[in-house]
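J.: I'd like to go over a predicted model; first the sequence, then the structure.
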Amino acid sequence: MTGTFVGMPAFPEAARAALADTQLRHNLAHATATIRGKRAAVVGEVEDWESLRLAGAAVKDRALRDLDQQLVTLEEQLTARGATVHWARDAAEANAIVADVARAHAVEEVVKVKSMVTQEIGLNEALEAEGIAAWETDLAELIVQLGEDLPSHILVPAIHRNRAEIRDIFRRRMATAGRPAPADLTDEPAVLAAAAREHLREKFLRAKMAVSGANFAVADTGTLVVVESEGNGRMCLTLPEVLVSVVGIEKVVPTWAELDPLLRLLPRSSTGERMNPYTSTWSGVTPGDGPQEVHVVLLDNGRSRALADDVGRQALRCIRCSACLNVCPVYERTGGHAYGSVYPGPIGAILNPLLKGTGVDEQTDALPYASSLCGACFEACPVRIDIPEVLVELRSQVVDSHREDRVPKPETAAMRGAGWMFGDAARWARLGRVSGLVGRVLGRVGGRAGPGGRRTLSRLPGPAAAWTDARDLPAPPRESFRAWWRRTDGRLDEEDQGR
Amino acid sequence: MSARDEILRRVREAVAGLDPDPDPVVAPVGATTADPVAHFAERVADYRAVVVRVVAQGLAQAVAEAIPAGERVVVPPGLAEEVRAGVPEAIVDDGLTAADLDAVDAVVTACRVGIAETGTLVLDHTEDQGRRALTLVPDRHVCVVRADQVVADVPDAVALLDPDRPLTWISGPSATSDIELDRVEGVHGPRQLHVIVVDTEG
Ligand code: SF4
């Protein structure tokens, strides 16, 4: 998989391709099950997890309710502590600010600590166009960058790659970006991690400028917080002379004390650890320690649009823990690439349309439908974002934004078709009778094996066709339930005629 | 209109009609434990760090034992004499470059707070802990924690810490789980974390 997220196929097509990739499904199933297990164990240790969730949600909501004031305070406090604050309406403005700082110091390369927001704005590509190399230093991001691939998970961007693939990428590509992989590289995770350490260390030691995001930005103290595991974050935040942090305006936490519930919620929800190995906090410039020139870019890029949405606003509470991805049955089967966006999984399905608006591109409009609405994401979310509620709201916004279209959206047609079918008992009974026959015919001509060997239909005829555009429908049994009931009077010892 | 003014205008419009919430959120109290120091030692060891408990008289010896023979050691300028005594040959940091630090094997520091529930050390990088780079570049970090610095849980630590200082929270050695979610210790930060807990009473 190469290229950018822009212009990728909409979710149904991408998902169909992903579902056919058995290696991908295997890697994903293993990874998500592992994280789910670890997370459940450490969440279970916390006595009052639910109250902590409520507190986490309340902190983020409090920041959002008067975000304009909070941002002004944050700017004041950062400036008072020696940082330079910039504001960026969109990706282009943010990228230009970072590039300007790089040019002012005549640097040809920057080291980067993993950050969703710099991916969102396409910073690496923008810097490359200016002749500046941006090196990703998180191990998974390095794998993605060297593999000319796209990240597929918020927390473990290379979750779709197994160790053999990673070894191969390192052997082929490390030399083109700096120190080559050792000749005797095996596919042991420890050996691969050691190769990454050697490869990146020379970059850390010589880098003049680093770029980061922030997990939190405390308004009343002007403190930025980065949570990480490998120490690559500490390297970027500490060794270079110049640091630029790009921070979404929704990252605000009002006061220092209110960081507490978030620091208790994030690691347990995210990596399934009591605490992540490293958390760094800094407020502006510390003389004699760390970067002596610190820039903070406060980025909107659609966040104020999301903030204006009464139902969708809660998505801005997201602390990017990725718990919702790991519990999502749709994500587990399709992986992150199918969402065609930087933010995959359930949160991506709501965040992308909220940031970009509905009715502007087909890719984004497909996302609110990329869910079974099972509710697992809401249960898992440490800041209680009701993702299903927002999905339903966004579906109606997608439909509304296409009311004027001459050709209805496939999802609208699908819902109408399904509604027509399920909406009337008599019609349903008739259809059931017919489907016994249809099932026999289709079972022969159109069926294919689904999971468990069950015959499935990839395409239905008639008004319900659109429904099967994105779903496999189990082939109807040869005999309808009603017919079976009449014949057997519901006796369960009867042989199942339908199979 | 400047980007700043326009963003603030959009935000103001988006939240018009919402009432600000003036009072900080009070989170539920953290975990408590009868013996926070024992809990701390256990939780730190869970990360596969080395943890030893000593009485004050044994401190210098414990520090000396934490460093394998022949390793080059650096210490921050304000490290207490009782700790320094364990590494008499140590280089005192006076603004060494990153490359200088890359050439030493180990660093010995104090810390600001230990958090029992999560097994976390928090450094606030004052004189006895040194600049942030000091505990980052060398491969072995020996950290001395006084028993009276250990608090029960995260909220207790947040209440003690000064947000104006840079802080580093350390929970075990540097680690990654990016390859098939197999945990590997030691990526870019120190690969060996050695914690010496000094019991304050007796
Ligand atoms: S929506 Fe909730 S569960 Fe999903 S990434 Fe954000 S905070 Fe985590």
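T.: Done, it's in.
J.: And for residue 132, the neighbour number?
T.: Answering for chain A, as no chain was given. The number of residues packed near residue A:132 is 19, by other Cβ atoms under 10 Å in any protein chain shown. For the C-beta atoms, the positions are set from N, CA and C on the backbone; glycine is no exception.
J.: I was thinking of chain B, sorry if that wasn't clear
T.: Applying other Cβ under 10 Å, I find that residue B:132 has 23 neighbouring residues.
J.: Residue B:109 versus that one, what's the distance?
T.: 11 Å (Cβ to Cβ, to the nearest Å).
J.: Could you do residue B:182 as well?
T.: 30 Å.
J.: Name the residue in the two with the higher neighbour count.
T.: residue B:109 (23 against 15).
J.: that's a strand at that one, yeah?
T.: Yes. Membership of residue B:109 in a strand is supported by DSSP: H, G, I helix; E, B strand; the rest coil.
J.: Provide the secondary structure category for the nearest residue to it once chain neighbours are set aside.
T.: Nearest residue to residue B:109, sequence neighbours excluded (Cβ to Cβ, 6 or more residues apart in numbering or on different chains): residue B:129, at 4.7 Å. With three-state DSSP as the basis, residue B:129 sits in coil.
J.: okay, now residue B:129: neighbour count?
T.: Neighbour tally, residue B:129, other Cβ under 10 Å: 24.
J.: about what we covered before: give the intersection of the neighbour lists for residue B:132 and residue B:109.
T.: The overlap between the contact sets of residue B:132 and residue B:109 (Cβ atoms under 8 Å, 6 or more residues apart in numbering or on different chains) consists of residue B:123.
J.: circling back to that earlier point, from memory the residue nearest to residue B:109 sits against residue B:113, does it?
T.: No. Counting by Cβ atoms under 8 Å, residue B:129 sits too far from residue B:113 to count as a contact (11.2 Å).
J.: any low-confidence regions in the chain?
T.: Went with chain A since none was named. A:1-7, A:406-476, A:492-499 (pLDDT under 70).
J.: was after chain B, sorry
T.: Low-confidence segments of chain B, defined by pLDDT under 70: B:201-202.
J.: Identify the residues contacting the residue nearest to residue B:109.
T.: B:76, B:109, B:110, B:111, B:112, B:123, B:135.
J.: Please report how far the third one lies from chain A.
T.: The spacing between residue B:110 and chain A, counted by Cβ to the nearest Cβ, to the nearest Å, is 16 Å.
J.: how about the nearest residue to that residue, chain neighbours excluded?
T.: Nearest non-adjacent residue to residue B:110 (Cβ to Cβ, 6+ apart): residue B:128, at 4.0 Å.
J.: Grab the nearest non-local neighbour of residue B:13.
T.: Going by Cβ to Cβ, 6+ apart, residue B:13 has residue A:308 as its nearest residue, at 6.9 Å.
J.: Which residue ranges of chain B form strands?
T.: For chain B, strands defined by DSSP state E occupy the ranges B:50-55, B:73-75, B:91-92, B:106-110, B:113-115, B:120-123, B:140-146, B:150-151, B:167-170, B:175-176, B:184-185, B:192-199.
J.: In CSV, list those strands along with distance to residue A:217.
T.: Output for those, formatted as CSV (distance: least, Cβ to Cβ, whole Å):
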stretch, distance to residue A:217
strand B:50-55, 34
strand B:73-75, 33
strand B:91-92, 35
strand B:106-110, 28
strand B:113-115, 22
strand B:120-123, 20
strand B:140-146, 28
strand B:150-151, 25
strand B:167-170, 15
strand B:175-176, 26
strand B:184-185, 30
strand B:192-199, 29
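J.: Give me the buried positions along the lengthiest helix in chain B.
T.: Ranked by residue count, the top helix of chain B under DSSP state H comes out as helix B:3-15. For helix B:3-15, a neighbour-count test (16 or more other Cβ atoms under 10 Å in any protein chain shown) marks B:3, B:4, B:7, B:8, B:10, B:11, B:14, B:15 as buried.
J.: which ones are touching the residue nearest to the fourth one when sequence neighbours are not counted?
T.: Take residue B:8 and drop its neighbours on the chain: the residue closest to it by Cβ to Cβ, 6+ apart is residue A:68, 5.1 Å away. By Cβ under 8 Å, 6+ apart, the residues touching residue A:68 are B:8, B:11, B:12, B:15.
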